[in-house]
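> 3D, please:
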Amino acid sequence: MDLLLNTVQPYDWGSTTALPHLMGVPPTGEPQAELWMGAHPAAPSRVRRAQGLLPLDRVIAADPEAELGAVTLRRFGPRLPFLLKLLAADAPLSVQVHPDRAQAQAGYALEDALGVPLDAPHRNYRDAHHKPEMIVALTPFRGLCGFRTPQQCADLLDALHVPASSPYAETLRTLTEATALAEVFTAFLRPPEGLMAAVAEAVVAAADRPGPWQEDFAAYAGVARAYPGDPGLLAALMLRHIRLEPGEALFLGAGIPHAYLSGLGVEIMASSDNVLRCGLTSKHVDTAELVKVVRFTAMPTRVLTPRTEAGEDVYPTPVDDFRLSRFRLDAGEPARQLAPGAPQIILCTEGEVRLGVREHVLRIGAGQSVYVPSAVDAEYVAMTGAGTAFRATVASAHPRAFPESRTDDWT
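Here you go, the predicted model:
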């Protein structure tokens, strides 16, 4: 087992206090948005081996079968297929979508053929992998996820009382669902002069006006204040406002537009950096490519709660790139047994956790994490302590904890 040394990403939307508070360290005064745990080449965790501190991706590349196990290596190749994060949002993230496998492979191959460097700011596809993801709230968490129905979008626009938005509301009410959402969403990304300012002003005013949309308008008003003049606000109005309480989760499949707004959570995803953005960001925006990837359908958003299996709270997902579970440990109770055979990352989010393999014991506190390779020389890893720990591993190495389901059926 290895204690991980992880990188904090200082994105401008990050909280200056949430991660330091969780880890019990003084704030730096700078945004601390994400703590990355894994082997993604953009910011791999480091582990201490005989040769010194080494990036985890290099360690895996040196002996992939020992680190990943035969099943994971055969399924995903010589790479850790998941990336675990602590995410702390204090301002809205970009409105974005992720491609499915086929779209990622095609986009990556095309940009390679065009000679676009992998590190070019305007490159959309930095690898050939899909990027499903899940967020588990540690604090009350807010976000936008998936399209409202066209009727709901039209009703929301009407409630703003902006005359220039009336034609869009009419389109939403008269065309079929997919066509209506596609036409209005695409038009909102290139709004006519004056519409953006009028809607932003109306949203801010509506946030203080009692009514059925007040809580939603308060969320959109925060977006408008954070990104004045950004047409991403218009796109955001078409997305459902989601509220998660601690312990609840949200899974995001390919083509589902979304944006996190605020809160602290544990995020897990397939290890990819393919993100298509259409607003609320200073990063590269490619609306034409994003529209090709978006799924223009309104689906109920499933707020997930874990199901308990032998003391392990498992969060169901329809992909095999990752499996996330939670342990709530009490002092003095018997050790939990974590079987080897697949790569694992154990993250403590509260209290203290002890991980033991024979005489080797590691203690970790909140914000610290441990990497457990597949080839552990023991029947199991023993976990004890008093606190909360999340376990990230590969779903393909475990029995399914949910009915078979197409990824596209999940938001």
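> tell me the helices in the stretch 1-150 of the chain, going along the chain?
Applying DSSP state H, counting those that start in this stretch to the stretch 1-150 of the chain gives helices spanning 18-23, 56-62, 64-68, 70-76, 101-113, 150-160.
> Now tabulate those in TSV and tack on mean neighbour count.
For the C-beta atoms, the positions are set from N, CA and C on the backbone; glycine is no exception. Formatted as TSV, the helices of the stretch 1-150 of the chain follow (neighbours: other Cβ atoms under 10 Å):
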stretch	mean neighbour count
helix 18-23	19
helix 56-62	19
helix 64-68	19
helix 70-76	17
helix 101-113	16
helix 150-160	19
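> To residue 92, which of these lies closest?
helix 18-23 (15.3 Å; Cβ to Cβ).
> just to revisit the earlier point, next, format the helices of the stretch 1-150 of the chain as CSV and append distance to residue 340.
Shown next, in CSV, are those (distance: least, Cβ to Cβ, whole Å):
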stretch, distance to residue 340
helix 18-23, 28
helix 56-62, 15
helix 64-68, 11
helix 70-76, 12
helix 101-113, 28
helix 150-160, 48
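> Would you convert the ones you listed into TSV that also reports mean pLDDT and distance to residue 183?
Converted to TSV, the helices of the stretch 1-150 of the chain look like this (pLDDT from 0 to 100; distance: least, Cβ to Cβ, whole Å):
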stretch	mean pLDDT	distance to residue 183
helix 18-23	97	39
helix 56-62	97	43
helix 64-68	95	46
helix 70-76	94	39
helix 101-113	96	22
helix 150-160	97	10
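> I'd like to know which of those lies nearest to residue 255.
helix 101-113 (8.3 Å).
> could I get the closest one in CSV with only the CA atoms?
What follows is helix 101-113, C-alpha atoms only, in CSV (Å, rounded to 0.1, in the frame of the first residue of the first chain):
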residue,chain,number,x,y,z
ARG,A,101,-16.7,6.1,-26.4
ALA,A,102,-17.3,6.3,-30.1
GLN,A,103,-17.4,10.1,-30.2
ALA,A,104,-14.2,10.3,-28.1
GLN,A,105,-12.4,7.9,-30.4
ALA,A,106,-13.5,9.7,-33.6
GLY,A,107,-12.8,13.2,-32.2
TYR,A,108,-9.4,12.2,-30.9
ALA,A,109,-8.4,10.6,-34.2
LEU,A,110,-9.6,13.6,-36.2
GLU,A,111,-7.7,16.1,-34.1
ASP,A,112,-4.6,13.9,-34.3
ALA,A,113,-4.9,13.8,-38.1
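> how far does that helix sit from the chain's center?
22 Å (Cα atoms, centre = their mean, to the nearest Å).
> which secondary structure elements does that helix contact?
Applying 3 or more Cβ pairs under 8 Å, 6 or more residues apart in numbering; DSSP states H and E, one finds that helix 101-113 contacts helix 287-293.
> count of residues packed around the nearest residue to residue 93 once chain neighbours are set aside?
Closest residue in space to residue 93, ignoring its immediate chain neighbours: residue 260 at 4.7 Å, by Cβ to Cβ, 6 or more residues apart in numbering. For residue 260, the count of nearby residues is 24 (other Cβ atoms under 10 Å).
> Name the SS class of residue 260, please.
Using DSSP: H, G, I helix; E, B strand; the rest coil, the structure places residue 260 in strand.
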